[in-house]
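Trainee: Here is my input, please return the structure:
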Amino acid sequence: MNAIAANLLKIVSGITEKLGGAYNIRINGKGYRMVSTKNIRITGKPDGSGIDVYVSPGTQNERLHIPVVIDSSGVTDLVYNDFHIGENANIEIIAGCGIHNDGMHLTQHDGIHTFHVGKNARVQYTEKHYGEGSGEGSNVLNPVTIIHLEKGATLEMETVQIDGVDSTERVTKADIADDASLIIKEKLMTGGNQSATTQFEVNLDGKNSSANLISRSVARGHSKQYFYSVINGNNMCSGHSECDAIIMDQAMVKAVPDVTANHVDAALIHEAAIGKIAGEQIMKLRSLGMDEEEAEQEIVNGFLK
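Mentor: A predicted model of the protein is given here:
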């Protein structure tokens with residue numbers, strides 16, 4: 001592994017030294033290193049297009065790393081990862097993708113992750129995306145997450161787009177059974193001529209199922225953001241969708257929350273707020289010795305924290 005790939009791994013997954021526990025590292029469209037443990041078994045798909053992960057029932061407080069990095073211009077990578085989480089397990093999964101593109105060619109990673117979360121299991125899933133490089137080629141990341149939550153299961157997902165991604169289409173679909181819960185926290189930054197689309201589609205099928213979808217984003221330059229959130233309440237359930245965005249420069253943000261109650265006891269809420277940074281906030285920070293640019297960055301950092 002070269003220094004560029006090592007730095008990308010650090011940025012998107014926090015890997016700085018030899019890993020313990022289970023992990024699978026993918027570099028430039030190929031498996032680089034795979035390690036299983038007693039309770040977390042990883043197997044590669046025969047055609048090299050991804051992995052299957054099997055977490056034993058009752059597994060507690062273990063961690064799995066599955067980062068992807070690309071440091072060669074012109075690589076296009078499509079990967080299918082399937083996660084089978086046993087009953088009553090409690091694990092953390094750290095994913096993420098980093099691209100370094102110094103060339104003129106489009107470089108792209110599309111990751112399709114499918115979660116089958118067993119009864120009363122709990123998953124904390126973190127996914128960070130990042131792009132860099134001096135080339136003219138675009139960095140493209142299109143994550144698809146498909147979630148199946150069985151009775152009493154919980155999945156909490158935090159997805160972060162740090163910087164340098166020219167185009168992204170982020171799709172998340174979920175079906176949620178009795179007493180199961182889905183929590184998604186998205187943080188997104190775009191600038192220049194970048195574009196980003198988020199699509200949530202959640203079916204609250206089970207009694208006492210719940211979903212909380214929260215997106216916070218900052219759009220700068222001439223970038224464009226599109227946010228679509230669909231929640232279908234098909235039983236006695238609770239659902240909440242929230243999109244908060246700061247718009248700057250000549251950027252554009254579109255938010256389309258959509259909730260449908262198909263049951264008399266479905267309690268659904270949607271919120272969307274788009275606005276610029278208040279002048280009072282900037283003035284307050286400037287009074288502390290910051291210039292305008294520093295004040296804006298401080299507010300943006302706090303908003304996305």
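
Trainee: Any idea how many residues pack against residue 254?
Mentor: The tally of other residues near residue 254 (other CB atoms under 10 Å) stands at 14. Where C-beta positions appear, they are placed from N, C-alpha and C, glycine not excepted.

Trainee: So which other helices or strands are in contact with the helix or strand containing it?
Mentor: Here residue 254, judged by DSSP states H and E, is contained in strand 252-261. Using 3 or more CB pairs under 8 Å, 6 or more residues apart in numbering; DSSP states H and E, the elements in contact with strand 252-261 are strand 209-219, strand 224-233, strand 237-247, strand 266-275.

Trainee: Can you convert those into JSON lines and add a column each for mean pLDDT, distance to residue 35 and mean neighbour count?
Mentor: Output for the helices and strands packed on strand 252-261, formatted as JSON lines (pLDDT from 0 to 100; distance: least, CB to CB, whole Å; neighbours: other CB atoms under 10 Å):
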{"stretch": "strand 209-219", "mean pLDDT": "96", "distance to residue 35": "33", "mean neighbour count": "23"}
{"stretch": "strand 224-233", "mean pLDDT": "97", "distance to residue 35": "37", "mean neighbour count": "22"}
{"stretch": "strand 237-247", "mean pLDDT": "96", "distance to residue 35": "38", "mean neighbour count": "22"}
{"stretch": "strand 266-275", "mean pLDDT": "94", "distance to residue 35": "42", "mean neighbour count": "15"}
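
Trainee: what are the phi and psi values for the residue minimising distance to the centre of the chain?
Mentor: Note on the chain: the residue nearest the mean C-alpha position is residue 159, at 2.6 Å, using CA atoms, centre = their mean. Residue 159 adopts backbone torsions of phi -120, psi 130, taken as degrees, to the nearest 10.

Trainee: ok, it - contacts?
Mentor: When contacts are counted by CB atoms under 8 Å, 6 or more residues apart in numbering, residue 159 touches 126-129, 143, 170, 184-187.

Trainee: Bridging across strands, which residues link to it?
Mentor: Beta-bridge pairing for residue 159 (DSSP bridges): residue 127, residue 186.

Trainee: Same check on residue 170?
Mentor: Bridge pairing for residue 170 - DSSP bridges - gives residue 198.

Trainee: so what's it scoring on pLDDT?
Mentor: The score at residue 170 is 95. That number is its pLDDT.

Trainee: Then residue 90?
Mentor: Value for residue 90, per-residue pLDDT: 98.

Trainee: Could you do residue 292 as well?
Mentor: 85.

Trainee: burial measure for residue 290, as a count.
Mentor: Residues near residue 290, counting by other CB under 10 Å: 15.

Trainee: what's the burial count for the closest residue to it other than its chain neighbours?
Mentor: The shortest distance from residue 290 to any non-neighbouring residue, by CB to CB, 6 or more residues apart in numbering, is to residue 298 (6.6 Å). Close neighbours of residue 298, defined as other CB under 10 Å, add up to 15.

Trainee: just residue 48 next, same as before
Mentor: Residue 48: 12 neighbours (other CB under 10 Å).

Trainee: Can you tell me the SS state at residue 294?
Mentor: helix (DSSP: H, G, I helix; E, B strand; the rest coil).

Trainee: right, and it touches residue 285 too?
Mentor: Yes: Residue 294 sits in contact with residue 285 when judged by CB atoms under 8 Å, with a separation of 7.5 Å.

Trainee: Comparing the two, which residue is more hemmed in?
Mentor: More neighbours surround residue 285 than the other of residue 294 and residue 285, with 18 against 14 (other CB under 10 Å).
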